[in-house]
Each structure stands twice: as C-alpha cells, then as structure tokens.
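Student: Could you look at this predicted model? Sequence included:
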Amino acid sequence: MTLDHSVAKRLQGRSLAWRLGASSTAAVGVVLLTWALSVDFWKASGGGFFGDAATYYTLGHSLAADLDFEYQRDDLARVWKEVPTGPEGLFLKRGRDGRLFYAKAYIYPLVAAPFVWLFGTNGFLVLHALLMTLCFLCAYTFLCARSHPVSALVFAGAFLFVSIVPVYMVQLAPDFFIFAIVLVGYYAWCYKEVAAPIAESQLTSWRTRWLLGPRSDLVAAVLLGVSVFAKPTNLLLIAPLVLSALLRNQWSRAARIATTFALVVVALFAVNTAVTGEWNYQGGERKTFYRGGGVDFQPGFPYQDDAKTFDTAGRGSVGGGSLSVLFTRDALVEVFRRNLAYFVIGRHTGFAVYLFPGLMAIILFLAATRDRAMWQWLTLAAGVGTAVALLLYMPFTWSGGGGPVGNRYFLGTYGVFLFLVPPLQTAVGGLVTLAISGLFVMRIVANPFYASTHPSEHSKSGLFRRLPIELTMVNDLPINLQPDRTRQPLGGTPPIFAYFIDDNIYNRERDAFWVKGESTADILLRAPIAPESQAAGVQEAVSLRIDRLTVILETGPRPNRVTIDAGTGPRVVEMAAGSQQVFEVEMPRGVPYKYHPDYPTNYVYSVSIASASGFVPLFETGANDSRFLGVMVRLIPTYGESR
C-alpha cells in the first residue's frame, strides 16, 4: 500500500480530464503560493518602487492597518520601514474637504488588504498567486469542455505563462488583478455555452446551480463592473453578454446583466464620491511626488516635514485626454493609422509580440470551419473594439505611462481572447503558440522582476530590433526611465532632442555621440516642445518640422562604412581612417506628436546609423578608453514650420 492509496481509491471513476486538471491546477497553486510566501520582494525588485506601485502599496497598507482611504503621516512613515527611498511616484489628490487621498482606484488594494494584513507586502503576491491559479483552472476547464485534455492543458499554460502576464503578476499594481477578474468573469458567462449536457442526477449540484445557470451571468456582470471601475476603457466588454441575450430574445436575462453591471459600477464610484467628495478618483487637484525634485517642481512628500505640503511639493499631472487633442486631423488620420500597426507589431507594445497566444486564439477561431458561435463573434468584436477605442481615446499614451512591458492598458482585455479558441484535438496549436511566443517573451518572463524594473532591456536585441518603434508614444517608451538616454540635446537652434533607443550608442558628448562599432543604432529625433524651448532660450512656442538633417561623421584610426537611413532611403558613406564627412539628408514629414492641448504639435523621426567597423582606443591609441567605437556623429536639423 502506498502513501496515496486512499486518495487513489477516492478518485476511481474520475475521468482523465478531471484528474489532469485537478492535479495540474493543484501543482500550479502550490508552486505559486510557495513562491509568493517565500520570495524577498524588495531584494528581487531592487529595493524600490516602479510604475504606480508606490500608490497601491501605500493605500493597501493603509487599508490593512488603519481601515481608511485617507493619506496621513502614519502612512508615509510606514513606507520607510521597508523602503528607505520612500514612496517614489506617489499619486495624491486633494479632496473637497482639504484632506488628501490616493489618486488611484481603490478596489485592487481593498481586495488585497486582508492578504497584506496577514502576510505583509507579500500579501499582494499571495493574492496574485490565488488569482493565477483560478485563471488556470478556468482556462483549462473551458478548453477541456470541447478539446482533448492534453491540448487544453498545453494551450492554457501557453496563454497564461508564455506571455507577459507573469511580468505583471510580480508588480504591486492592478493590471494583473484586472486581467484576472475579466478572464474569470468571461468564464462565468461562457462556460455554460460549451459545457456538456448534465445528467438528471447532477441537476442539484453546485456546478449546475450557479456555473451552468443564470447566476453565473450575474457573477460575470459583477466582475466586469469591477474591472470597468478599475479601468474604464474596459466598458465595451459587457456588450457581448447583453447582446447575446438580446439576440436570443432573452430580454429579462439581458436586463438582469445590464442592471447588475450598472449597479456595481455606480456603487463603486459612489463610494469614491462619499470618501473623497468626487466621483473621479483621478480628477481634481492631482499631483505626483518624488524624493528628488525637478525643473518645475519641489522634492519630497506631504507630511514628510513641516515644510512639505501638497502645495509646496510634487508635480501637477498632465496628460492627453482633451477633446482638442483627440479630434484633430493628425490624431484621427495620421496617428491612428500608425497606431493600428504599432498596436499589432510594435517593438515595445505589439499584441502579436507580447500577447501572441491571444492572436493565435483569433487565428484558430477564424480558421475553424465550424463551432464559431455568435457569442464568440461578439467577444471578438468587444476585444477589437476595446483596442480601437483605446487608440482613439489615448492616441499618444495607449500602452500606459511609466514605460511598461508590452501594452499594460490592454492586458485586462487580453483574457477574453481565450474564449475564442475552437475545439482542439491535438496539442499542435498550443505547441506552435509556445514556440512563437517563447521566442519573444521567454527572456522577459524568465526574470519578471528584472523585466519590470528594466522594461527596455529586452527590446534592444534579437527579433525585437526588426520591429517598428512606436513614434507616437515617444515620451512613454520604456527608454524614458533612463534620463541619460532620452531628451538629449544635440545640434540646432533650438537644439533637437534625441532618444537613444538601444545600447549601440554611447552617452552623448556635448552635441555629438559615438555609435558602437560593428553595430546599428536606432535614434528618435524630436523638436522641443514649449517648456523645453523656453528653457533653451526661445520664448515663442511653434510647431517645428525637420526639413533636412546635416550629418557630420568622424572616424577613428580605422576605415569605416557608415549607413544612415532617416526613412527616405539609406545613404552609404565610405570613410577613410581619421576622416570627416559632411552631408545632408532629406527628412520625411515625420509623425505628429501632441500629447497635451497646451503644447504645440511636434514631429518625431526615426533614424538608424550603422557602423561596419570599429576600434578600441585602449589598444589603438593607448587612451584610457575601453569602449568599442565605430563612428562619431553630429546631427544638425534645418527646421521648417509645420504645414
């Protein structure tokens, strides 16, 4: 008799699908929970906050310890117990009664608060581990209802673990939470559509009472309502539930779903109104606070000392949500057209790159010759419609600010594409998904903490270099987390600003820079916007284009072949050792960029420079310089006003 003999006896009669699902779900849960409880979060994440984590961390601990939503001095002091740098990037707003509150949706830290109370900061990860286990169970059981158990297992694993989902599972932010509740909500609605007929003897089981009955619709409506409160761009995701019922003439069912959804959304915003005095948790007087100051704001956090207040410290928020930004010809025609391509195959945000299993689900669905139900077409329309709405509403920041990995704003919608997958009789679809998606994301998910704190590193090499750079989001690309690589002033009056996208350019030396030897470097160029122009001594803000670019190249002790491409065709220059060449490059029109109505439209350009050879000064000239240098470059723009 073996140790598990009694368990095996109780499982007799269970199907392979049930046993495979139960054992794999248990294994996933055990691994994730032990990881969540044992990992040293602060050492793994580098000892500080990234993204919006400071706000959710502080609010989560405030709810766990004080049971309130208000920002107070005790909340600030509590942060220093674990993080000596303080709540870097803290978002606060002033309520109508003068008190300070956290300027983010409260629902995620509220759900996490009991786990934080029990397990400390690791409680956030415990919640994520439980949600991921639940997502795996939902994904497997949905797929297994129509597919071979092994096929379901492989595709469920690929969908959840070979995408950027695990990266957000390690972050103290609501993006993974939103993804999970949307996936579980759609499962509650969809599972009854694919489940096998139930025998009479099982009609009273819990599975029949809610999962296969009308109660599951209400569960789905509640979860989707929560997701909309946390991320209003998810609003379209409720449409398939209501429309599916209407198309079947199930009027009362549609009314129950819509009413439940609306009540949840209204109730959550009503709580925010009751607590802060405003329904919009990001509205009113809102500021971001940092330990260090900037050109236009003072350092510190409110209540840090008597001199630090909401009025004296922090930076006021700016962003593109104005109708004057959205409804322009540039935003609706030029920018939207480009964003559609960037959304799918962008180097830093592409759906086909970071969330490829979702694209594979669409391909499998469209390729199926049968088993394509109306509710699945509605689900596809909701997913695509959410993407389009996101691109139209946020044309210059649709992937999320703060330099995210992939498109964090669309992560919450990603889960709905799982329910497009048709019956799978073999594991081929899942294996192909693993192979293609793994080529892009395995280097990321192999170390999700590092990927979160260094979100641009993975895109600097490999297949990512072949993908287009999202010019429409120049100030929200991950490279912006490295101040010495972005907004670097080069030549021109006013100076043009350069963004060094990869590591094939060494840091700027006055108005010039070295391209690494035997490498190709990608650079974005942008004329300065109003505040930057004024800082450079130009008082009047105007919209500038680059008509031409004067390029000055200098080689070292070895001859070189330099190729420069600004989008109007490559220019190849043969250079002797120790020589200089000066020439002009005609520039394309550029991509319009206007992220705030108070600033003029500027134009963004992409330039690539390749150096065929290189040298190390340490060995060539005896200089104390171990860099592998290719060619020194100076770029001087000739401006023209926008047409």
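Tutor: Perfect, I can see it now.

Student: Now the most centrally placed residue in the chain: closest residue in space that isn't a chain neighbour?
Tutor: Of all residues in the chain, the one closest to the mean position by Cα atoms, centre = their mean is Arg408, 2.2 Å from it. Leaving aside its chain neighbours, Arg408 sits nearest to Gly400 (4.0 Å; criterion: Cβ to Cβ, 6 or more residues apart in numbering). Any C-beta I mention is one placed from the backbone N, CA and C, and that applies to glycine too.

Student: coming back round to it: list the contacts of the residue nearest to the centre of the chain.
Tutor: Contacts for Arg408 were tallied using Cβ atoms under 8 Å, 6 or more residues apart in numbering; they are Tyr168, Asp175, Ser399, Gly400.

Student: Only the buried residues of stretch 137-157, if you could.
Tutor: By 16 or more other Cβ atoms under 10 Å, the buried positions in stretch 137-157 come out as 137-157.

Student: same question, stretch 634-643
Tutor: Neighbour-count burial for stretch 634-643 [16+ other Cβ under 10 Å]: Arg634, Leu635, Ile636, Pro637, Tyr639, Ser642.

Student: Next: stretch 345-359.
Tutor: So, applying 16+ other Cβ under 10 Å, buried residues of stretch 345-359: 346-359.

Student: residues making contact with the host helix or strand of Ala156?
Tutor: Element membership for Ala156, per DSSP states H and E: helix 149-161. When contacts are defined by Cβ under 8 Å, 6+ apart, helix 149-161 is touched by residues 16-17, 20-21, 24, 132, 135-136, 139-140, 143-144, 147, 166, 357-358, 361, 418, 421, 424-427, 429-431, 433-434, 437, 445.

Student: For Lys460, list the residues it contacts.
Tutor: Ile501, Asp502, Asp503.

Student: Highest neighbour count among those residues?
Tutor: Ile501 (25 neighbours; other Cβ atoms under 10 Å).

Student: Now that residue: closest residue in space that isn't a chain neighbour?
Tutor: Asp522 (4.3 Å).

Student: pLDDT value on that neighbour, please?
Tutor: For Asp522, the pLDDT comes out at 96.

Student: distance of it from Ala180?
Tutor: 35 Å (Cβ to Cβ, to the nearest Å).

Student: how about stretch 443-463 as CSV, C-alpha atoms only?
Tutor: C-alpha atoms of stretch 443-463 as CSV (Å, rounded to 0.1, in the frame of the first residue of the first chain):
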residue,chain,number,x,y,z
ARG,A,443,13.7,36.2,-22.0
ILE,A,444,11.2,38.5,-20.2
VAL,A,445,9.2,36.0,-18.1
ALA,A,446,12.4,34.2,-17.1
ASN,A,447,13.1,37.2,-14.8
PRO,A,448,9.9,39.2,-14.4
PHE,A,449,11.3,41.4,-11.6
TYR,A,450,14.2,42.5,-13.7
ALA,A,451,11.9,43.0,-16.7
SER,A,452,9.7,45.2,-14.6
THR,A,453,12.5,47.5,-13.4
HIS,A,454,14.4,47.4,-16.7
PRO,A,455,11.5,47.4,-19.2
SER,A,456,13.6,48.5,-22.2
GLU,A,457,16.4,45.9,-22.0
HIS,A,458,14.8,43.0,-23.8
SER,A,459,13.9,45.2,-26.8
LYS,A,460,17.5,46.2,-27.5
SER,A,461,18.5,42.9,-29.2
GLY,A,462,17.2,39.9,-31.1
LEU,A,463,14.0,39.8,-33.0
